[in-house]
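**Q** missing the sequence, but the structure's below:
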């Protein structure tokens, strides 16, 4: 992400020039300057707090309240200091700041313009209520559209994301949060012009800030949770050195199969966890046995075959894992009933366990173990197809073959980084992701 | 003092709330309702707030922020779209009580959660706010106040109400559980900064906004608060699964045969009780609980298990080595670094330990000794801890442990 292509720089420069032309009529416009200064300071303060607490997303209510209260150039000016001063983590910092400021200035200007043209200002002053919602809604829509179009452009130029896909995703994701911010902004504007004045308007921000804070907490807690799951996997890796990285790769293969079978995103995620955690029960097997070189006695084999039950005992208390828990318990069952722990047959085996069984066998064959070399992917798939029907579910094997044919097999090298949910923008670092 | 307060306070508070509620309902049945439309709208808002109330297992501070904000704003409502309103204290309390009862019906029917304390608090706080505001307003005292000053007045009234609510909540919790009053009040006050301030601000803003634009302000304003409520839910949900994951990680040592079944859970439950008795804050209690759950995790790095998982009888150097290994594992889990520190220092001499590490050390030793000693074990174990107090176990922690155990009749907490 270090090198920003020249065409993206030119694009940013063009948008910045456009934003500056929005601000040109400032010298001729009549506006209460104290209000502009107050709102701008408020917005800059919010941005600083957000950066310090590592919040996600931007705090739009102040900007939108400005768009509902002030003439377009003055409203656009409100966004400028906050965006220029906001701390940026990634380099190049100056370019990102300029981009952010230009984008917000343009967005707020268009929103204010739309609001003005539809007579929203009089509706706010007269607090003419059902009607005041109409111009405000149109302004929010325009604001969201401008941000989406500009963000989509930079994504397309800097990261070569197809334009249409970038636009659709960004717009749908940002509309709902911005609409809620718009309602708060409208209330702020109405109270600002009421006899109770700006003091009452500032009170509107408090619940929004709390909501925002909770949202940030949620993200922090979720990251911690994912780290804990990884720790669970690393604990297995410490004990069983043969299989380092095996869990993550089985998770990846399970995810590919599940996606190929057309499961919804939540189920795909659960199956990824099922793959990652399938061997967690090996924590319960004595370390000496796991590390033993040479053939195992029947007695030792029986002890090792207890690991699915141990694993189930460990994860059964984690409610969000859902059907992944069944996969942990049954991933060594075979279709013909010769597997363990219960010797289930065919459809008695949970679907999740059938997915994980195929993924597990595939990775076991294609990775190098201390006692044998890795087989090529093609040979492993042939072996899986040979055992389909007796050991594995043929539909899962077919799904894996199709998925590998389409995407290839690129197992993640490290187990350190969770799969990022979606590509982040190069410069458009924070596309209104507020929910 | 505890023994005397407990029987008096709860019935007293409940009687006050009952008298206030029933009295208001009677007055309203006698005199009829002023401005039915407004009463209906606010009643609806409170009912919706109660219906969407948080009913999860985890105890949360404000279960129904929307209901609370709606009720408070009705108590402080002085005008509707510029026209002065005329409802009095009795009407406010009656409407809020009826709406809350109506909204609680599904929760009561499903048997979810204690509803009574919640209702009592709601009635008393709303009654307090209305008594402070409505009589003065209806007599026209605030007539000459300017706009901004009036807004600040509402905010001050709400802050006062919130403080009273905190005292009431802490007192109720104290008399129900017997936990010390001071830390409970401190926790309540701290929570006031979070969702409490949002509820107060929304209450004030709704009252002002209805005064300016009329009832349209209600739906517009409930939305941000509903969003907050939703975020809180998701936050609570992810916290719950996080706790479950930590608990599973803690079970790893049991399944691997390093520690006896249920040991980590029992140590965590008892540590929490001791920490509460010593007046730890809520975040400190969370750190303590996680550390207690994972205190034995260092044993996973051992090739062979310690006999019966009893670390308290090992040589000190070995105990420290296991503690350091455990700290290293905990650091990888992405839990708060404070947890790793507690796990690392659980075997240090008690003078150098943080309080949480002292608690974990003493409770772990107690749990191991009590189990080893068989029937009558708890008393023997406590005696051993008291005698060994010199450098190993902090005396104040051992005394707190003794208090907790006396309160719970010397039974070990059930395994989670």
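**A** Cool, got the structure. None of the values given here were measured: they were computed from a predicted structure.
**Q** how many neighbours does the residue of the stretch 51-200 of chain A found nearest chain B have?
**A** Distance from chain B to each residue of the stretch 51-200 of chain A (Cβ to the nearest Cβ) is smallest for residue A:195, at 3.7 Å. All C-beta atoms are positioned from the backbone trio N, CA, C, and that covers glycine. When counting by other Cβ atoms under 10 Å in any protein chain shown, one arrives at 15 neighbours for residue A:195.
**Q** where are the low-confidence patches of chain B?
**A** Residues of chain B that meet the criterion pLDDT under 70 lie in B:1-7, B:54-63, B:112-114, B:143, B:146, B:301, B:303-310, B:334, B:389-391, B:408-416.
**Q** flag the shaky bits of chain A, pLDDT-wise.
**A** Low-confidence segments of chain A, defined by pLDDT under 70, span residues A:1-3, A:54-58, A:238, A:241-244, A:370-371, A:412-435.
**Q** where is the longest helix in the chain?
**A** Using chain A. helix A:197-239 (DSSP state H).
**Q** hmm, no, I was thinking of chain B.
**A** Determined from DSSP H, the single longest helix within chain B is helix B:217-255.
**Q** check which element follows that one along the chain.
**A** As assigned by DSSP states H and E, the chain's next helix or strand after helix B:217-255 is helix B:263-277.
**Q** I'd guessed the residue of the stretch 51-200 of chain A closest to chain B sits against residue B:147; true?
**A** Yes. Taking Cβ atoms under 8 Å as the contact criterion, residue A:195 and residue B:147 are neighbours in contact, 3.7 Å apart.
**Q** quick revisit: the residue of the stretch 51-200 of chain A closest to chain B - that's part of a strand, no?
**A** No. Residue A:195 sits outside any strand when classified using DSSP: H, G, I helix; E, B strand; the rest coil, being coil.
**Q** for it, what are phi and psi?
**A** Comment: the main-chain dihedrals of residue A:195 come out as phi -60, psi -20, following degrees, to the nearest 10.
**Q** check residue B:260 too.
**A** Summarising the backbone geometry of residue B:260 under the convention degrees, to the nearest 10, its torsions are phi -70, psi 160.
**Q** check residue A:29 too.
**A** When quoted as degrees, to the nearest 10, the phi and psi of residue A:29 stand at phi -90, psi 150.
**Q** my read: it touches residue A:76, true?
**A** No. Contact between residue A:29 and residue A:76 fails when scored by Cβ under 8 Å: they sit 10.7 Å apart.
**Q** those two: which has the busier surroundings?
**A** A side-by-side neighbour count of residue A:29 and residue A:76, using other Cβ under 10 Å, places residue A:76 first with 29 against 12.
**Q** contacts for the helix or strand the more buried one falls within, please.
**A** Under the assignment given by DSSP H and E, the secondary-structure element containing residue A:76 is helix A:72-85. Outside of helix A:72-85, the residues that reach it under the criterion Cβ atoms under 8 Å, 6 or more residues apart in numbering or on different chains are A:19, A:22-26, A:29, A:31, A:36, A:39-41, A:43-48, A:62-63, A:66-67, A:69-70, A:97-98, A:100-101, A:104-109, A:111-113, A:116.
**Q** now, of the residues you listed, which are buried?
**A** Applying a neighbour-count criterion of 16 or more other Cβ atoms under 10 Å in any protein chain shown, the buried members of the contacts of helix A:72-85 are A:19, A:22-23, A:36, A:39-40, A:43-44, A:46-47, A:62-63, A:66-67, A:69-70, A:97-98, A:100-101, A:104-109, A:111-113, A:116.
**Q** about what we covered before: so the longest helix of chain B versus helix B:263-277, what angle?
**A** Computed with axes from the mean of the first three to the mean of the last three Cα atoms, to 10 degrees, the direction of helix B:217-255 lies at 130 degrees from that of helix B:263-277.
**Q** name the helices or strands packed onto helix B:217-255?
**A** Using 3 or more Cβ pairs under 8 Å, 6 or more residues apart in numbering or on different chains; DSSP states H and E as the contact criterion, the secondary-structure elements in contact with helix B:217-255 are helix A:163-193, helix A:197-239, helix A:307-315, helix B:36-51, helix B:65-75, helix B:197-213, helix B:263-277, helix B:282-293.
**Q** any residue of the last one up close to chain A?
**A** No. Judged by Cβ under 8 Å from any Cβ of the partner chain, helix B:282-293 stays clear of chain A, getting no closer than 10.0 Å.
**Q** compute the inter-axis angle for that helix and helix A:197-239.
**A** Using the same axes, to 10 degrees, the direction of helix B:282-293 lies 10 degrees away from that of helix A:197-239.
**Q** what residues does helix B:282-293 touch?
**A** So helix B:282-293 is contacted by B:187, B:190, B:246-247, B:249-250, B:264-265, B:267-268, B:271-272, B:275-276, B:280, B:330, B:335-336, B:338-339, B:342-343, B:346, B:355-357, B:359-360, B:363-364 (Cβ under 8 Å, 6+ apart).
**Q** perfect, I'm done here.
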